[in-house]
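Chemist: The following block contains a protein sequence and its predicted model.
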Amino acid sequence: MYNRKKPMEEIPQADAAIWECTSDTCKGWMRDNFAFDSVPTCPICASEMVSTTRMLPLLENSNSNLKTMSKGNRI
């Protein structure tokens, strides 16, 4: 039979700033523009995180002021 699905188009990727967990047993990481704190702790194991970069698909965060908002306020 014929396959009428359109071929998947390439998703553009770029170097993105991320926070990566320092624990050897944890694989936690998050994008910098989605982090609430300027230096976050790992949400999985509560260890420190370090800033690095990774090739990821492009994502836009419509709420870019997450770090300036005080804790306890609704987003």
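Modeler: Noted; the coordinates are in hand. Please read these numbers as outputs of a predicted model, since none were measured by experiment.

Chemist: What's the separation between the nearest residue to Glu48 once chain neighbours are set aside and Arg4?
Modeler: Spatial nearest neighbour of Glu48, excluding adjacent residues (C-beta to C-beta, 6 or more residues apart in numbering): Thr22 at 5.0 Å. Where you see a C-beta, it was placed from the backbone N, CA and C, and this is true even at glycine. Separation of Thr22 from Arg4 (C-beta to C-beta, to the nearest Å) stands at 48 Å.

Chemist: more crowded one of the two?
Modeler: Neighbour count, other C-beta atoms under 10 Å: between Thr22 and Arg4, Thr22 has more, with 13 against 5.

Chemist: what does the model give that one for pLDDT?
Modeler: Reported pLDDT at Thr22 in the predicted model: 95.

Chemist: does it really touch Ala46, like I thought?
Modeler: No: in this structure, Thr22 is not within contact of Ala46 by C-beta atoms under 8 Å, at 11.3 Å.

Chemist: Would you enumerate the residues in contact with the residue nearest to Glu48?
Modeler: Contacts here follow C-beta atoms under 8 Å, 6 or more residues apart in numbering; on that basis Thr22 touches Cys42, Ser47, Glu48, Met49, Val50.
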